[in-house]
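1. Model the structure of this input:
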Amino acid sequence: MKFLIFTLVVIFLTHFFEHSDAEIEGFTTDLISHDSPRSPFYNASETKYQRLQKAFHRSILRGNHFSAMMASPNDIQSNVMPGRLEYLMNISLGTPPVPMLGIADTGSDLIWRQCRPCDNCYEQDEPLFDPETSKTYKILACDNEFCGDLGQKGNCGDDNACIYYYSYGKGDRFTMGYLSSDTLTIGSTEGDPVSFPGVAFGCAHRTGGTYPEKHVGLIGLGGGALSLVKQLDSPVGGLFSYCLIPLSSDSTASSKINFGRNGVVSGSGTVSTPLIRGTPDTMYFLKLEGMSVGSTRVEFNGFSAREEGNNILIDSGTTITFLPPDMYSEVESALATAISGQPTSDPNGNFRLCYSGGNNLQIPTITVHFTGADVQLSPLNTFIQAQEDLFCFTMIPSSDFFIFGNLAQVNFLVGYDLNNNMVSFKPTDCTKQ
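-> All right, here's what the predicted structure looks like:
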């Protein structure tokens, strides 16, 4: 009898630990580029150069909104404008699960989508989410911890229901409704979908302003308490990473986002730098110490770092990189000296340093010096073919806000460890992930 009990205990413990390992093993899903043929925003009638110009324009608008957000971090109207982002992600909400192709944004926190009934809502191609059809849906009470995380963007409505209100840009776009919870399901590239019960999200019953009809909702991946990665902190351990393929890639491959153990970035070539939390805590900041063009080093010389020591935002939703004007001028000068070619102007006015005859250009490696981490950028990260015979440096000057954009992160596995506050970079062919 004792042997039987012992055997049953061993079987139970073996099953328990195997199940626990499986739960924290991690999972991976696709990040779909805004301009990929898989995206609902894809316009087959546009040339790749027209799509690139629109991406550059979105970056400049996004940079302007980040600047305004930092100028008034506690302003109820200081969120970054949705619909101008670069990557999409498939999730599902409810039981049974209802699919949602949402905008994935490391510069936002709240997950939200339009719900029935919806007054004065923008038209969307996908059906509205109907809370009454979900067995696991519930409206969160005003004393719920997540309601408290809304701060000024939350209010207490009738029947003790938590109401959220997010306004974007200058307040011409907004979303409001009940802060709710439901089961969230994410498809995995490696097997069955993974589900997480009780995830808080905004069930929008009213929206204002103009949104693209393809826009279904937002999936916040920022550092605030309501973001997807923070809400999944327990099962995924605060770990996520992404691997972005080149914008010009003709491959059928897709960029990837990894969670949990799949999100660990380690091994040969990996470098890591402290992740610095700013105000608001949504955004991810690093400390940029300088950049080298070949062997010529240029020190960071923008405004003095904030108290935490952060001076540049790392952002997957911004295409180009923004540098302080004086620093940019020195980097541009070093590049112009190193590249044997005649600079030409960008007819669209997006970039300051461009060349023709890109196939013959000898472009030096640019090393980005973060605290404790030297990230070497290849020409793929620093120059882009903006037109048929126009190759431009993908960094521009900015007076008051600095961003390490996604072109600089292409073909790197970029990992975030939110519990240990570190960001890691590992050179990777992302088309093979």
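
2. Can you name the element that comes right after the helix or strand of the chain with the lowest mean pLDDT?
-> Sorted by mean pLDDT, DSSP states H and E, the helices and strands of the chain end with helix 2-23, the least confident at a mean of 38. With elements assigned by DSSP states H and E, the helix or strand that comes after helix 2-23 is strand 27-33.

3. Now do the helices in the stretch 151-300 of the chain.
-> Under the criterion DSSP state H, counting those that start in this stretch, helices of the stretch 151-300 of the chain are mapped to 228-231, 233-236.

4. residues contacting the closest residue to Asn406 other than its chain neighbours?
-> Spatially, and ignoring its direct neighbours in sequence, Asn406 is nearest to Ser316 (5.2 Å; C-beta to C-beta, 6 or more residues apart in numbering). Backbone N, C-alpha and C define where each C-beta goes, glycine included. By C-beta atoms under 8 Å, 6 or more residues apart in numbering, the contact set of Ser316 is 86-87, 104-106, 221, 242, 244, 406, 409.

5. SS state for Ser316?
-> Under DSSP: H, G, I helix; E, B strand; the rest coil, Ser316 falls in the coil class.

6. Phi, psi for it please.
-> phi -80, psi -10 (degrees, to the nearest 10).

7. that older thread, of the helices of the stretch 151-300 of the chain, give the one that comes closest to Phe41.
-> Ranking the helices of the stretch 151-300 of the chain by proximity to Phe41 (C-beta to C-beta) places helix 228-231 first, at 21.0 Å.

8. For that closest one, list the C-alpha coordinates in PDB.
-> Only the C-alpha atoms of helix 228-231 are listed here, as PDB (Å, rounded to 0.1, in the frame of the first residue of the first chain):
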ATOM      1  CA  LEU A 228      -0.200  42.700 -22.200                       C
ATOM      2  CA  VAL A 229       3.300  41.900 -21.100                       C
ATOM      3  CA  LYS A 230       2.800  43.300 -17.600                       C
ATOM      4  CA  GLN A 231      -0.500  41.400 -17.100                       C
END
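
9. Let me see the mean pLDDT of it.
-> Here helix 228-231 scores 95 as its mean pLDDT.

10. now for that helix, which elements pack on it?
-> On a contact count with 3 or more C-beta pairs under 8 Å, 6 or more residues apart in numbering; DSSP states H and E, helix 228-231 meets strand 191-208.

11. ok, 10 Å please
-> When contacts are defined as 3 or more C-beta pairs under 10 Å, 6 or more residues apart in numbering; DSSP states H and E, helix 228-231 packs onto strand 173-188, strand 191-208, strand 217-220, strand 239-243, strand 255-259.

12. Contacts for that helix next, please.
-> By C-beta atoms under 10 Å, 6 or more residues apart in numbering, the residues outside helix 228-231 that reach it are 89, 91, 102, 104, 106, 108-111, 146, 149, 181, 184, 186, 196, 198-201, 219-225, 236, 238-240, 257, 259, 263, 281, 416, 418.

13. Pull out the buried positions in it.
-> Within helix 228-231, the residues that count as buried by 16 or more other C-beta atoms under 10 Å are 228-231.

14. Next, report how far that helix is displaced from the centre of its chain.
-> In terms of C-alpha atoms, centre = their mean, to the nearest Å, the centre of helix 228-231 is found 13 Å from the chain centre.

15. surely Asn144 meets Tyr178?
-> No: counting by C-beta atoms under 10 Å, no contact exists between Asn144 and Tyr178, whose distance comes to 11.3 Å.

16. Could you pull out the residues contacting both of these two?
-> 138, 162.

17. higher neighbour count, these two?
-> A count of neighbours by other C-beta atoms under 10 Å puts Tyr178 above the other of Asn144 and Tyr178, at 21 against 18.

18. ok, what's across the strand from the more buried one?
-> Note on Tyr178: beta-bridge partners Ile163, Cys203, judged by DSSP bridges.

19. and it, what pLDDT?
-> Reported pLDDT for Tyr178: 97.

20. doesn't Cys162 make contact with it?
-> Yes: Tyr178 lies in contact with Cys162 (C-beta under 10 Å); the separation is 6.7 Å.

21. Give me the common contacts of those two.
-> By C-beta under 10 Å, 6+ apart, the residues touching both Tyr178 and Cys162 are 139-140, 202.

22. Between these, identify the one with the most neighbours.
-> Result: Gly202 is most packed of these (other C-beta under 10 Å), 28 neighbours.

23. For it, which residues are in contact?
-> So Gly202 contacts 110-115, 150, 153, 162-166, 175-180, 217-218, 220, 226 (C-beta under 10 Å, 6+ apart).

24. same question, Asp130
-> Per C-beta under 10 Å, 6+ apart, neighbours of Asp130: 94, 98, 115-117, 137.

25. And it, how close does it get to Pro324?
-> Distance of Asp130 to Pro324, given as C-beta to C-beta, to the nearest Å: 49 Å.

26. what's around Gly278, how many residues?
-> 18.

27. Nearest the geometric middle of this structure, what residue?
-> Thr106 (3.1 Å; C-alpha atoms, centre = their mean).

28. wait, doesn't that one sit right on Met283?
-> Yes: with contact defined as C-beta under 10 Å, Thr106 and Met283 form a contacting pair (8.0 Å).

29. Output the below-cut-off pLDDT ranges for the stretch 1-150 of the chain.
-> 1-25, 64-85 (pLDDT under 70).

30. Can you identify each of the strands in it by residue range?
-> Using DSSP state E, counting those that start in this stretch, the strands of the stretch 1-150 of the chain run over 27-33, 87-93, 98-105, 112-119, 138-139.

31. circling back to that earlier point, what touches both of Thr106 and Met283?
-> Joint contacts of Thr106 and Met283 (C-beta under 10 Å, 6+ apart) are 222-223, 313-315.

32. What subset of those is buried?
-> Buried among these (16+ other C-beta under 10 Å): 222-223, 313-315.

33. Identify the residues contacting the closest residue to Ser378 other than its chain neighbours.
-> Nearest non-adjacent residue to Ser378, counting by C-beta to C-beta, 6+ apart: Thr365, 6.6 Å away. The contact partners of Thr365, by C-beta under 10 Å, 6+ apart, come to 292-295, 338, 376-379, 381-382.
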